[in-house]
Each structure stands twice: as C-alpha cells, then as structure tokens.
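>>> Curious how this folds, go ahead:
(chains A and B)
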Amino acid sequence: DVKVTQSSRYLVKRTGEKVFLECVQDMDHENMFWYRQDPGLGLRLIYFSYDVKMKEKGDIPEGYSVSREKKERFSLILESASTNQTSMYLCASMGLSGEQYFGPGTRLTVT
Amino acid sequence: SQKIEQNSEALNIQEGKTATLTCNYTNYSPAYLQWYRQDPGRGPVFLLLIRENEKEKRKERLKVTFDTTLKQSLFHITASQPADSATYLCALDNSGTASKLTFGTGTRLQVTL
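Numbers count the residues shown, from 1 in each chain, chains lettered A, B, ... in the order given. Just a heads-up that it's a prediction; the model follows:
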C-alpha cells in the first residue's frame, strides 16, 4: 500500500512565523503535490514537483515556496505566515496511472 | 472559464438504495476523470479512474460513467451502506497537463438506516 505521511496533523503558528510542512511518500513516485482545502473552495493546487529539485507553480502559489531535495520528500514553506493561510494542507503523490495518494492532512491555524 | 460542478447539496439516501452523484465540467478536454472519497478531517482516497475512451468502469459496488459529449460523469454506489457516508470528489486532468488534477468541491452523501 502507498503511504504518504505528513509531519503534523495540527499546527498553530503566529503571524509572521516561517512554517515548514513536510511530506514523505514511500512508493518512489516522481510527481508530488501540495494542496490547500477550504470550505466551499475545494482542493486548490499550490505547487507540484515532477522530479528532484524540479517544481512548478499551481493555481495559488503566492506566499508559498517548496523544496524537493530527495525524491521521497516534498516540503511546503510559508515564508511569513498570515491569517489567510489558515487552512487544511494536503500532500499527495501520483501513481503510474495518474491517481493521487493523499496524506492525512495538516490543519494549520495562524493566529 | 473552466469549471467543474458537483452538487453542493448533500445527498440523503436510504440504506440499500443506489446513490448517484454527478460531475459536470465545462471548457476542459480531460484525458481521464477520477473519483475520490473524503471523510471529515482526512485526506481524499482514490476510488476509480475512467479514461476518455471508456464509457463505464466498475469496481465492486461502484460504477462510473463518462460522457465526453455531455461533459459529465456519473458515480453510482449500489446497495449503499451507512459506511458509504462521506464526501465524494471528482477530479480531472487539465488539458495538456496530464499530471495535474483539478478537483470539484464534492458532494456529501449521507446513507441512513
């Protein structure tokens, strides 16, 4: 079974703090994704990566950056957290047929 | 503009009946369409993928249809059970970027005894 893990289930940070969210997958998948999910807006793609050190912006990259130094690990960075970044963050990796495997999510609250 | 529409109202259904959820899209030409299940506070779980040249796909009690002319997919759960209660998301690949998915906002299904 594919396993995607995320570093925290719940996180509370203060405005202006730098926040790191980490994601690890164990299936040697090349493509990995970061989404945020908000009520009424659904899942929105922040960034994705199709290989080590490669990244592409998704639909809402502003205020975020990513890092992919190893194939199994994809990190999302909030350079200076703001209250409008309070959300559920979901990481996913992509299988051979295009299906995505999601982690359990990190509920981030920025106060 | 591109749009994926799922019924935002919850679907309430009696145990044992067939639940049918709808996904409509505009201004996409997807190579495939996917369905996911999401329980509260958890990440989505992949259920089924159907390609543009497939009309229908089945997996156990699940059936998906894909009509590229109508730009619609139907997701059926037969003999529904309370354990099927969840939010169901459809997703399709962005034209020309097969690795990216765009998700609908989901339909919540409630199966009652």
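>>> Toward the C-terminus, what is the element adjacent to the helix or strand harbouring A:Thr5?
Using DSSP states H and E, A:Thr5 maps to strand A:4-6. Using DSSP H and E, the helix or strand that follows strand A:4-6 in sequence is strand A:10-13.
>>> average pLDDT across the helix or strand just after that following strand?
Downstream of strand A:10-13, the next assigned helix or strand under DSSP H and E is strand A:19-25. The predicted model assigns strand A:19-25 a mean pLDDT of 98.
>>> Quick check: buried residues in strand A:19-25?
Across strand A:19-25, burial judged by 16 or more other C-beta atoms under 10 Å in any protein chain shown covers A:19, A:21-25. C-beta coordinates here come from the backbone N, C-alpha and C atoms, glycine included.
>>> From the contact counts, what lies against that strand?
strand A:4-6, strand A:10-13, strand A:32-38, strand A:73-78, strand A:87-94, strand A:106-110 (3 or more C-beta pairs under 8 Å, 6 or more residues apart in numbering or on different chains; DSSP states H and E).
>>> tell me which residues of the first one are tucked away?
Residues of strand A:4-6 classed as buried by neighbour count (16+ other C-beta under 10 Å): A:4, A:6.
>>> for the fourth one, same thing?
Buried residues in strand A:73-78, counted by 16+ other C-beta under 10 Å: A:74-78.
>>> Sheet-wise, list the partners of that strand with their directions.
Applying DSSP bridges to the sheet, strand A:73-78 is found paired with strand A:19-25 (antiparallel), strand A:64-70 (antiparallel).
>>> Now do the first one: distance to the chain's middle.
If you compare the mean C-alpha spot of strand A:19-25 with that of the full chain, they lie 7 Å apart, counting by C-alpha atoms, centre = their mean, to the nearest Å.
>>> Just give the closest residue to A:Arg73, not the sequence neighbours.
Leaving aside its chain neighbours, A:Arg73 sits nearest to A:Val24 (5.2 Å; criterion: C-beta to C-beta, 6 or more residues apart in numbering or on different chains).
>>> any idea how far that neighbour lies from B:Ser99?
Distance of A:Val24 to B:Ser99, given as C-beta to C-beta, to the nearest Å: 19 Å.
>>> same deal with B:Asn27?
In terms of C-beta to C-beta, B:Asn27 sits 19 Å off from B:Ser99.
>>> ok, now A:Phe48?
7 Å.
>>> Mind checking which of the two has more residues around it?
Of the pair A:Phe48 and B:Ser99, A:Phe48 is the one with more neighbours under other C-beta atoms under 10 Å in any protein chain shown, namely 24 against 15.
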